[in-house]
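Peer 1: sequence unknown, structure follows:
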C-alpha cells in the first residue's frame with residue numbers, strides 16, 4: 001500500500017489489510033525505522049528519494065554509495081529498497097538498473113539479497 005501526500009497520517013492506515021507499505025519519507029516526515037514500528041510484521045518498501053539528484057544524475061559510484069547507505073540503515077528482513085513515490089517519467093531505465101547493481105554489491109547485511 002502506498003500512502004502519499006505531504007504530512008500523511010500513517011497511523012490512520014495501521015490496521016489496513018496489506019502485506020507491504022510505502023510512503024514518501026520526506027513528504028510525511030516519518031523515517032523508515034519509525035514506520036516499521038507503526039507497521040510491525042509488514043514489508044517496508046522505500047528509502048530512495050524519488051527526486052534525489054543522486055538518483056537522477058549522480059555517478060554510478062555515488063548512486064551505489066547511496067543505495068548501500070540505505071540498505072545499511074534498514075538492514076532487516078522485510079525491507080525492500082524502492083523509491084518513496086513515483087519515479088520521474090523521464091528517468092532512464094539504466095538508472096534503475098544501477099540501483100539494482102548496487103543492491104547486488106551490498107554485503108553489509110545479515111541476509112542474502
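Peer 2: Noted; the coordinates are in hand. This is a predicted model, so every value here is computed, not measured.

Peer 1: alpha carbons only for contacts and neighbour counts from here, please
Peer 2: Noted.

Peer 1: can you map out the strands along the chain?
Peer 2: Listed in chain order, the strands of the chain (DSSP state E) span 2-3, 20-23, 43-48, 79-83.

Peer 1: Would you give the sheet partners of the last one, along with the direction of each?
Peer 2: What that stands for is strand 79-83. strand 43-48 (parallel) (DSSP bridges).

Peer 1: contacting residues around the strand it pairs with?
Peer 2: The contact list for strand 43-48, computed with C-alpha atoms under 8 Å, 6 or more residues apart in numbering, reads 19-25, 32, 35-36, 55, 67, 70, 78-84.

Peer 1: Just the buried subset of the residues you listed, written out for PyMOL, thanks.
Peer 2: For the buried members of the contacts of strand 43-48, the matching PyMOL selection, counting by 16 or more other C-alpha atoms under 10 Å, is:
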select buried, resi 20+21+22+23+24+25+32+35+36+55+67+70+79+80+81+82+83+84
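
Peer 1: re earlier: how about the strands of the chain in CSV, adding mean pLDDT and distance to residue 12?
Peer 2: Output for these, formatted as CSV (pLDDT from 0 to 100; distance: least, C-alpha to C-alpha, whole Å):
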stretch, mean pLDDT, distance to residue 12
strand 2-3, 96, 10
strand 20-23, 97, 13
strand 43-48, 96, 17
strand 79-83, 95, 21
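
Peer 1: Just name the shakiest helix or strand of the chain by mean pLDDT.
Peer 2: helix 25-28 (a mean of 88; mean pLDDT, DSSP states H and E).

Peer 1: so how far is it off the chain centroid?
Peer 2: How far helix 25-28 lies from its chain's middle: 12 Å, per C-alpha atoms, centre = their mean, to the nearest Å.

Peer 1: was I right about residue 54 contacting residue 62?
Peer 2: Yes: judged on C-alpha atoms under 8 Å, residue 54 makes contact with residue 62 at a distance of 6.5 Å.
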